[in-house]
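# return atomic coordinates for the entry below.
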Amino acid sequence: MSIIVSILVFSVVIIIHEMGHFITAKMSGIKVNEFSIGMGPKLFGITKGDTDYSVRAFPIGGYVAMEGEDEESDVEGSFSNAPVQNRIAVVLAGAFMNMILGFAVLFYLTSTKEAITSRTVSSFYENAMTQQTGLMVGDEIVAINGRKCYIADDIIYEFARTQNGQANFTVIRDGKKVDLENVTFDTYIDENGLKQMVIDFTVLPIEKTLPNMIKESFNWTISIARMVFLSLIDLMTGNIAINQMSGPVGIVTTISDAVNYGIEPVLMILAMITINLGVFNLIPFPALDGGRLVFLLVELVRGKPLNQKYEILVNSVGMILLLGFMAFVTFSDITKFFV
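Below you'll find the model as predicted:
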């Protein structure tokens, strides 16, 4: 069951992404040679118009093969001959569909809650250190350590990043923005020898109306999308070790654990994966959609494209580097089973 659910999660996320490219390409008059569900050897398929629709042996992902996408082509309707605005739309459409899927899943999860968790302090525990060092009932927390908090989970995430039991708060108090420096938490050492902060206050619930659910789902989507960039910054600054990253093997393990707790944890992972994929694909790295977008933006500014052979070369090198990185992450995931 865990393997089946993992395959479904990966397939939905990638097919939705490729569907975005496919629909936008068709709407833009770009010839699509093949739309494939799955990878590897072809099992069966049909041809409709000038597009082959196929199902392939390995049920992980899929792809859209557009005429002139990775090589020069003078065929009518080729990707390379389409207006640059249309090509930009096609490149962006995959990530956009991932974000839409993420929003839809998060909206469903929000609808299952009894109430929406706010960022407004409602009460303190007895002898609360945060109350003694500046926080007050009624404060709406809008930022921690200078980083905006879109949803309540962002507050917890920022607390986890706090090293010394102190954090700088920005709150809305009586309609005015107030900065609180060095709000202090009690701390303790957990069973793993790590210092943990005691969260000594509670927050108000928000009524679950349709506008509030839409707003919460939208902010939740932004929060998860931002997490991709924060994680990359932590990775580059050394706050996160590279062997803590997870690839497909690690994600399957996480999904397997989530299956034991029901559908909602699985849907939460689905939302995180699809939003992460959408954002990650727009990073300006060769072989990703973001790398192709850079070339298209340069073309838009110059008024003419760069030599396509250079783009193909850069993307080929990028793909090799990306596959090497994925191999490293997968190896790291596997070694964790033996530690």
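# just the pLDDT at the residue nearest to the spatial centre of the chain, thanks.
In the chain, the C-alpha nearest the mean C-alpha coordinate belongs to Asn276, at 1.8 Å (C-alpha atoms, centre = their mean). Model confidence at Asn276, given as pLDDT, is 91.
# quick check: it touching Arg226?
No - applying C-beta atoms under 8 Å as the test, Asn276 and Arg226 come out as separate, 11.1 Å apart. Yep, even glycine has a C-beta here, placed from its N, CA and C like the rest.
# with adjacent residues omitted, what lies nearest to the residue nearest to the centre of the chain?
Residue nearest to Asn276 in three dimensions, not counting chain neighbours: Val228, with 5.6 Å by C-beta to C-beta, 6 or more residues apart in numbering.
# next up, identify which helix or strand that neighbour is on.
helix 210-237 (DSSP states H and E).
# rounded mean pLDDT for that helix, please.
Rounded mean pLDDT across helix 210-237 is 88.
# that one packs against which elements?
helix 84-111, strand 116-124, helix 152-161, helix 263-281 (3 or more C-beta pairs under 8 Å, 6 or more residues apart in numbering; DSSP states H and E).
# what helices or strands is the lowest-mean-pLDDT helix or strand in the chain leaning on?
None of the helices or strands of the chain scores lower by mean pLDDT, DSSP states H and E than helix 248-259, at a mean of 73. Packed against helix 248-259 by the contact rule (3+ C-beta pairs under 8 Å, 6+ apart) you find helix 2-27, helix 263-281, helix 308-335.
# could you dump those helices into JSON lines and include distance to Arg119?
Shown next, in JSON lines, are those (distance: least, C-beta to C-beta, whole Å):
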{"stretch": "helix 2-27", "distance to Arg119": "29"}
{"stretch": "helix 263-281", "distance to Arg119": "20"}
{"stretch": "helix 308-335", "distance to Arg119": "34"}
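# just say which of those helices is most tucked in.
helix 263-281 (a mean of 21; mean count of other C-beta atoms under 10 Å).
# what are the contacting residues of it?
5, 9-10, 12-14, 16-17, 94-99, 101-102, 105-106, 108-109, 112, 221, 224-225, 227-229, 251, 254-255, 258-259, 288-290 (C-beta atoms under 8 Å, 6 or more residues apart in numbering).
# buried among the residues you listed? Make that a PyMOL selection.
Applied in PyMOL, the following selects the buried portion of these according to 16 or more other C-beta atoms under 10 Å:
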select buried, resi 5+9+10+13+14+16+17+94+95+97+98+99+101+102+105+106+109+221+224+225+227+228+251+254+255+258+259+288+289+290
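# could you find the closest non-adjacent residue to Asp139?
Val171 (3.9 Å).
# tell me how far the one you found lies from Ile222.
Look at Val171 and Ile222: by C-beta to C-beta, to the nearest Å, they are 20 Å apart.
# so for the two, which sits in the more crowded spot?
Neighbour count, other C-beta atoms under 10 Å: between Val171 and Ile222, Val171 has more, with 23 against 17.
# list the contacts of the helix or strand hosting the more buried one.
According to DSSP H and E, Val171 maps onto strand 166-173. In this structure, residues lying in contact with strand 166-173 by C-beta under 8 Å, 6+ apart are 134-136, 138-146, 158-159, 177-185.
# swap in 10 Å and give it another go.
The contact list for strand 166-173 (C-beta atoms under 10 Å, 6 or more residues apart in numbering) reads 119-121, 130, 133-136, 138-149, 155, 158-159, 161-162, 177-185, 187, 197.
# if I look at Pro265, how far off is Phe331?
27 Å.
# cool, and Leu43?
From Leu43 to Phe331 the distance is 30 Å (C-beta to C-beta).
# can you check Pro286 too?
22 Å.
# check Ser6 too.
19 Å.
# what does Ile255 give?
Counting by C-beta to C-beta - Ile255 and Phe331 are separated by 20 Å.
# I'd say Tyr125 and Phe201 touch.
Yes - with contact defined as C-beta atoms under 10 Å, Tyr125 reaches Phe201; the gap is 7.1 Å.
# who touches both of the two?
Joint contacts of Tyr125 and Phe201 (C-beta under 10 Å, 6+ apart) are Gln131.
# looking at the two, which is more packed in?
Between Tyr125 and Phe201, counted using other C-beta under 10 Å, Phe201 has the larger neighbour count: 19 against 14.
# what's the pLDDT at that one?
95.
# can you check Met66 too?
92.
# next: Phe10.
Value listed for Phe10 in the pLDDT field: 83.
# likewise Gly318?
pLDDT, read off for Gly318, is 80.
# next one: it from Ala115, what distance?
46 Å.
# likewise for Ser2?
With C-beta to C-beta as the criterion, Ser2 and Ala115 are 32 Å apart.
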